[in-house]
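Peer 1: predicted coordinates and the sequence they were generated for:
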Amino acid sequence: ETGVTQTPRHLVMGMTNKKSLKCEQHLGHNAMYWYKQSAKKPLELMFVYNFKEQTENNSVPSRFSPECPNSSHLFLHLHTLQPEDSALYLCASSQGREPTEAFFGQGTRLTVV
Amino acid sequence: KQEVTQIPAALSVPEGENLVLNCSFTDSAIYNLQWFRQDPGKGLTSLLLIQSSQREQTSGRLNASLDKSSGRSTLYIAASQPGDSATYLCAVKDNNNDMRFGAGTRLTVKP
């Protein structure tokens, strides 16, 4: 248990569906991240939030929409996804701009059919 | 943009061997470097964090070093065990809080 919780753990959705991934941390961290991990590819940084403000968007398609309502919660809203979006989506948190560890959730395994 | 490279991509060793995993990064202006372990289908578990002002960190059989000027870090695993089999990832954090990862080294320790 790392203190970062992701739900759901597994998700199967059709290309026309809308779903959301949730990430929650109660570590007192003020930075949260979304990563995508596809088979045989490095972890891809998608979004970074510092103090609830989005500071990084790595050219992610608009069918992925992040939301950070407070420093403890992070969502990734999904709509009209493609099969190539199937991957493990990982959330992480850290104490921004301090030399402390980042912690990851267990991930959501997403399959788009 | 920071690029992180890990060598080798895969490594297979007999139990008991000492081994070294390598990580290199292109921009030396880092905030810290962190080594993680990932088991198949799971999230990442933090192993060691090295701050930019530090040269090394140790935890049990693990020792990580950092040479910021040359853009390199190594993870040394002593007396490897089958339970060490996993993918090892290094991540570099910059002053903007971005964390960039290498592709990882997949380690197999054979009994």
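Peer 2: Cool, got the structure.
Peer 1: check which helices and strands the least confident helix or strand in chain A by mean pLDDT is in contact with.
Peer 2: None of the helices or strands of chain A scores lower by mean pLDDT, DSSP states H and E than strand A:53-57, at a mean of 73. On a contact count with 3 or more CB pairs under 8 Å, 6 or more residues apart in numbering or on different chains; DSSP states H and E, strand A:53-57 meets strand A:44-50. Any C-beta I mention is one placed from the backbone N, CA and C, and that applies to glycine too.
Peer 1: chain B against chain A: which residues are in contact?
Peer 2: With CB under 8 Å from any CB of the partner chain as the criterion, chain B meets chain A at residues B:4, B:31-32, B:34, B:36, B:41-46, B:49, B:51-52, B:89, B:91, B:93, B:95-104.
Peer 1: among these, which are in helices?
Peer 2: Secondary structure from DSSP state H places none of the residues of chain B next to chain A in helices.
Peer 1: which stretches of the chain have low pLDDT?
Peer 2: You didn't say which chain, so I picked chain A. A:1, A:56, A:58, A:97, A:99 (pLDDT under 70).
Peer 1: should've been chain B
Peer 2: In chain B, no residues with pLDDT under 70.
Peer 1: quick one: the strands in it, in order.
Peer 2: Under the criterion DSSP state E, strands of chain B are mapped to B:4-7, B:10-14, B:19-25, B:30-38, B:44-51, B:56-59, B:62-67, B:72-77, B:86-94, B:99-101, B:105-110.
Peer 1: for B:T45, which non-adjacent residue is spatially closest?
Peer 2: Distances taken as CB to CB, 6 or more residues apart in numbering or on different chains put B:R37 closest to B:T45, at 4.9 Å, once the chain neighbours are dropped.
Peer 1: contacts only, for that neighbour.
Peer 2: Taking CB atoms under 8 Å, 6 or more residues apart in numbering or on different chains as the contact definition, B:R37 lies against B:L44, B:T45, B:L47, B:A86, B:T87, B:Y88, B:L89.
Peer 1: if we can go back for a sec, filter the residues of chain B next to chain A to the buried ones?
Peer 2: Among the residues of chain B next to chain A, the ones that count as buried by 16 or more other CB atoms under 10 Å in any protein chain shown are B:4, B:31-32, B:34, B:36, B:43-44, B:46, B:49, B:51-52, B:89, B:91, B:93, B:97-104.
Peer 1: centre-most residue in chain A?
Peer 2: A:W34 (3.0 Å; CA atoms, centre = their mean).
Peer 1: what's the separation between A:T108 and A:A102?
Peer 2: Per CB to CB, to the nearest Å, A:T108 is found 18 Å from A:A102.
Peer 1: make that B:Q57, sorry
Peer 2: B:Q57 sits 15 Å away from A:A102, going by CB to CB.
Peer 1: just B:D98 next, same as before
Peer 2: From B:D98 to A:A102 the distance is 11 Å (CB to CB).
Peer 1: bridge partners for B:T74, pull those for me.
Peer 2: Residues in a beta bridge with B:T74, per DSSP bridges, are B:N22, B:S65.
Peer 1: let me see the contact set for it.
Peer 2: Taking CB under 8 Å, 6+ apart as the test, what B:T74 contacts is B:V20, B:L21, B:N22, B:C23, B:A64, B:S65.
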